[in-house]
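J.: Turn this into a model:
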Amino acid sequence: MLAPSSKYFNRDDVVKIYQQHRPQYNKDVSDKIMEFVRKHHNSEEPYDLAVDVGCGSGQATSLFASHFREVIGIDCSHRQIEEAKLGNKFLNISFLVGDAEALPFKDKSIDLIFTAAAAHWFNLPKFLNEASRILKPDGCMGLFSYCFPKVGRSLKDAESQKIDDAIMWNHVWKHISPNPPTEPMLKYANIFKNIKAKHKERNDEVKIKYTWTLEQIVGLIKSYSWYGAYLDMKMKSVERNSPNAIDGLSQAFKQSMGVEHLQDSDVHLEIEWEIFIVLATGLNHTGQNE
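T.: Residues are numbered from 1 along each chain as shown. Alright, predicted model coming up:
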């Protein structure tokens with residue numbers, strides 16, 4: 001991850017929030033990527049080496065532990081890497097500090113490069129140059145992410161969802177929506193277009209869904225770099241002493257549900273993300289800046 005995001009994600013308070021409140025990807029994500037790898041790779045599992053670039057605190061790294069002899073997570077935030085090491089339970093997974101644009105691996109040595117909610121922070125031409133350099137001739141790349149989640153008391157109930165969408169818009173999205181990275185909003189459409197490869201494809205079929213508490217949902221919002229940008233702008237404005245945008249989120253949900261007496265940790269909502277995955281093999285990026 002690059003500045004300015006790395007500055008936000010390197011803060012001690014944000015590192016803890018990130019680890020606790022970012023969603024865990026389900027097996028469907030790794031299944032889609034490994035299906036692509038098996039189709040295009042010349043050898044059989046377990047493959048030698050996979051690299052999780054922009055790994056953060058390791059939310060997605062472990063998904064691939066059973067498919068590779070070694071998985072390495074790399075991130076430019078030393079605090080995120082410290083947190084990833086603390087939470088690591090796999091002998092074949094390790095973590096190191098490094099940049100997506102200068103990956104510390106030998107030419108043609110990697111079977112799979114993957115990134116989870118990170119590629120939009122990279123200098124894309126330089127990252128793709130590096131991916132082309134270090135991937136084996138039959139090596140593969142999988143870039144996946146998500147955008148705004150859908151939140152509601154029952155995502156299948158259209159009437160209540162209208163109310164819940166309005167609450168999220170008024171207390172969250174309209175305040176931070178001027179600041180989100182463009183590519184997640186476009187589901188990596190531009191990234192996909194700019195990849196030069198023998199074969200590339202995308203998959204938008206995977207969803208991850210949980211039942212979370214209001215406390216968890218507020219923590220998730222605070223983990224976004226978008227929220228950090230909102231706070232920075234607010235501190236420079238005439239409204240710097242006013243309440244933060246999300247301060248009224250919990251109360252608005254509880255009033256709407258008639259449960260004002262409950263703590264945030266006792267109020268449960270459904271939350272769902274649509275995952276988009278960009279897949280490629282036979283990368284052909286050789287220029288330094290393109």
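
J.: The chain: strands as residue ranges?
T.: With DSSP state E, the ranges of strands along the chain come out as 47-53, 68-75, 93-97, 110-116, 135-146, 150-152, 197-203, 207-213, 268-283.

J.: With respect to residue 188, which of those strands lies nearest?
T.: When the strands of the chain are compared by Cβ to Cβ, strand 268-283 sits nearest residue 188, at 5.1 Å. In short, each C-beta sits where N, CA and C put it, glycine included.

J.: could you give the angle of the closest one to strand 110-116?
T.: Between the direction of strand 268-283 and that of strand 110-116, the angle (axes from the mean of the first three to the mean of the last three Cα atoms, to 10 degrees) works out to 150 degrees.

J.: Show me what strand 268-283 is packed up against.
T.: In terms of contact count using 3 or more Cβ pairs under 8 Å, 6 or more residues apart in numbering; DSSP states H and E, strand 268-283 is assigned the packing partners helix 27-40, helix 124-134, strand 135-146, strand 150-152, strand 197-203, strand 207-213, helix 214-223.

J.: re earlier: any chance of the strands of the chain in CSV with mean pLDDT as columns?
T.: Rendered in CSV, the data for the strands of the chain read as follows (pLDDT from 0 to 100):
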stretch, mean pLDDT
strand 47-53, 98
strand 68-75, 98
strand 93-97, 97
strand 110-116, 97
strand 135-146, 96
strand 150-152, 91
strand 197-203, 96
strand 207-213, 93
strand 268-283, 95
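
J.: right, so of those strands, which gets closest to residue 249?
T.: Closest approach to residue 249 among those is made by strand 150-152 (9.7 Å; Cβ to Cβ).

J.: in its sheet, what does the closest one sit against?
T.: According to DSSP bridges, the neighbouring strands of strand 150-152, each with its direction, are strand 268-283 (antiparallel).

J.: ok, and for the strand it pairs with, which residues are buried?
T.: Neighbour-count burial for strand 268-283 flags 268-271, 273, 275-283 (criterion: 16 or more other Cβ atoms under 10 Å).

J.: re the thing from before, tabulate the strands of the chain in TSV, adding columns for distance to residue 242.
T.: Output for the strands of the chain, formatted as TSV (distance: least, Cβ to Cβ, whole Å):
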stretch	distance to residue 242
strand 47-53	39
strand 68-75	34
strand 93-97	38
strand 110-116	35
strand 135-146	30
strand 150-152	24
strand 197-203	42
strand 207-213	26
strand 268-283	26
